[in-house]
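>>> what follows is a predicted structure for the sequence shown.
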Amino acid sequence: MARGKEARVTIFLECTCCIRNRVNKESIGISRYITQKNRHNTPSRLELRKFCPFCYKHTIHGEIKK
């Protein structure tokens, strides 16, 4: 039997604050986290509050493409 697409997919979360500050050259890099989500339960893009070591605070990390 053929199976459809897998329900769980690996996603990357990237700091939204570092992307905006990169234009000003204030941050040294961009914080990224790797996690998984269920495609059927969460079809939209995921956003979580995670700690960014470059901003030194908790910021919103949004899902990006691979």
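Good, I have the coordinates.
>>> please give the element, helix or strand, for Arg49.
strand 47-52 (DSSP states H and E).
>>> cool, and Glu6?
Applying DSSP H and E, one finds Glu6 in no helix or strand.
>>> could you give the number of residues near it?
8 (other Cβ atoms under 10 Å). For glycine as for every other residue, the C-beta is placed from the backbone atoms N, C-alpha and C.
>>> what sits against it?
Arg39 (Cβ atoms under 8 Å, 6 or more residues apart in numbering).
>>> how far away is it from Lys65?
17 Å (Cβ to Cβ, to the nearest Å).
>>> so which residue is dead centre in this protein?
Nearest residue to the geometric centre of the chain (Cα atoms, centre = their mean): Leu13, 1.1 Å.
>>> which non-adjacent residue is nearest that one?
His61 (3.9 Å; Cβ to Cβ, 6 or more residues apart in numbering).
>>> against Thr10, how distant is the one you found?
As judged by Cβ to Cβ, His61 and Thr10 stand 15 Å apart.
>>> please apply the same query to Cys52.
Taking Cβ to Cβ, one finds Cys52 at 20 Å from Thr10.
>>> can you give the contact residues for whatever helix or strand Tyr33 lives in?
Element membership of Tyr33, judged by DSSP H and E, is strand 32-38. Under the criterion Cβ under 8 Å, 6+ apart, residues 7-15, 46, 50, 61, 63 lie in contact with strand 32-38.
>>> alpha carbons of that strand, in CSV - could you do that?
Below are the C-alpha coordinates for strand 32-38, written out as CSV (Å, rounded to 0.1, in the frame of the first residue of the first chain):
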residue,chain,number,x,y,z
ARG,A,32,18.6,28.9,14.6
TYR,A,33,16.8,26.0,16.2
ILE,A,34,15.9,22.6,14.7
THR,A,35,12.6,20.9,15.7
GLN,A,36,9.7,18.9,14.4
LYS,A,37,6.1,19.6,13.8
ASN,A,38,3.0,17.6,12.8
